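Q: coords please:
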Amino acid sequence: MKSKSLLAAVVILCALPLSAQADLHEYRLGDNDGFGTGSPLGPGGDLYINTSWEEYALLADGDGTDELIPGARDPRDFVFSCDSYSSTTTASLFVQYMDWPESRAGFLWIDDHKTAFQFPYVPYDGTSPWKVLGATIDLMPYAGYLLDGRVVFNLLGENTDAYIVDYMRLSIDGCVVPIPSAVLLGFLGLGYSSWRLRRTRV
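A: Residues are numbered from 1 along each chain as shown. As a prediction, the model looks like this:
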């Protein structure tokens with residue numbers, strides 16, 4: 001009986017590292033540097049650009065943010081590498097951007113899938129300053145795309161409107177898939193407890 005009790009205790013202890021805990025995780029692409037100006041901004045703020053767009057492009061972060069993106073003519077992948085999840089309870093994407101869409105619909109795409117989220121229109125204004133815009137998008141209808149540890153977002157419109165993204169923040173509240181070392185520890189624990197039980201019976 002003692003051996004069986006010990007076996008049960010070991011099995012429970014070994015199973016604990018395998019239990020995924022739901023927790024909020026945040027991943028950011030780009031940074032809140034005011035679209036490369038070095039001064040953090042927020043939605044509703046004014047963005048002043050006194051250089052040519054060619055010069056402004058040199059401020060880019062190199063990950064698709066802080067640079068002029070010519071919309072549908074040059075689709076840009078915003079790639080997030082994150083934890084792998086077994087399930088999610090909440091998920092959202094915040095995008096800080098400007099000057100888009102001006103005349104036709106603009107949509108968020110996830111892993112080449114067009115979502116139902118449509119960015120609100122902004123009036124065309126070809127002069128500085130531009131208003132900083134922000135959108136928080138509920139991703140729970142598309143949670144299946146967030147589980148494998150790699151997510152690709154696109155902002156695509158039905159025309160050639162250009163836009164600039166300051167940064168994106170992906171927030172996921174869910175259960176992270178246990179790391180392989182935890183799984184290995186679990187199997188080692190089970191193997192050891194089984195060996196002890198067999199030795200006791202001999």
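Q: Gly71 and Asp173: what is the separation?
A: To Asp173, Gly71 is 32 Å away according to CB to CB, to the nearest Å. In this view, the C-beta of every residue, glycine as well, is placed from N, C-alpha and C.
Q: In terms of packing, which of these two has more residues around it?
A: Each of Gly71 and Asp173 has its neighbours counted (other CB atoms under 10 Å); Gly71 has more, 22 against 15.
Q: so the more buried one touches Ile164, yeah?
A: No - counting by CB atoms under 8 Å, Gly71 sits too far from Ile164 to count as a contact (11.1 Å).
Q: and for the two, which residues touch both?
A: Residues touching both Gly71 and Ile164 (CB atoms under 8 Å, 6 or more residues apart in numbering): there are none.
Q: could you pull out the strands for this structure?
A: Assigned by DSSP state E, the strands in the chain fall at 22-30, 46-47, 78-81, 85-98, 106-110, 113-119, 130-138, 150-157, 164-176.
Q: so how far is the second one from its chain's centroid?
A: Same thing as strand 46-47. Distance of strand 46-47 from the chain centroid (CA atoms, centre = their mean, to the nearest Å) equals 26 Å.
Q: Show me what it is packed up against.
A: strand 130-138 (3 or more CB pairs under 8 Å, 6 or more residues apart in numbering; DSSP states H and E).
Q: helices or strands up against the strand it packs on?
A: Using 3+ CB pairs under 8 Å, 6+ apart, the elements in contact with strand 130-138 are strand 46-47, strand 85-98, strand 113-119.
Q: Out of these, which is closest to Gly30?
A: Across these, Gly30 has its closest neighbour in strand 85-98 (8.4 Å, CB to CB).
Q: which residues sit against the closest one?
A: 20, 22, 32, 35, 41-43, 47, 108, 130-140, 143, 146-147, 153, 155, 163-177.
Q: Which pLDDT does the model give the residue nearest the centre of the chain?
A: Centroid-nearest residue in the chain, with CA atoms, centre = their mean: Leu170, separated by 3.4 Å. Leu170 carries a pLDDT value of 98.
Q: got the domain boundaries for this protein?
A: Taking automatic domain parsing as the criterion, the chain consists of the domains 1-19+178-202, 21-177.
Q: mind listing what Ile137 touches?
A: Contact analysis of Ile137 by CB under 8 Å, 6+ apart lists 92-95, 108, 115, 117.
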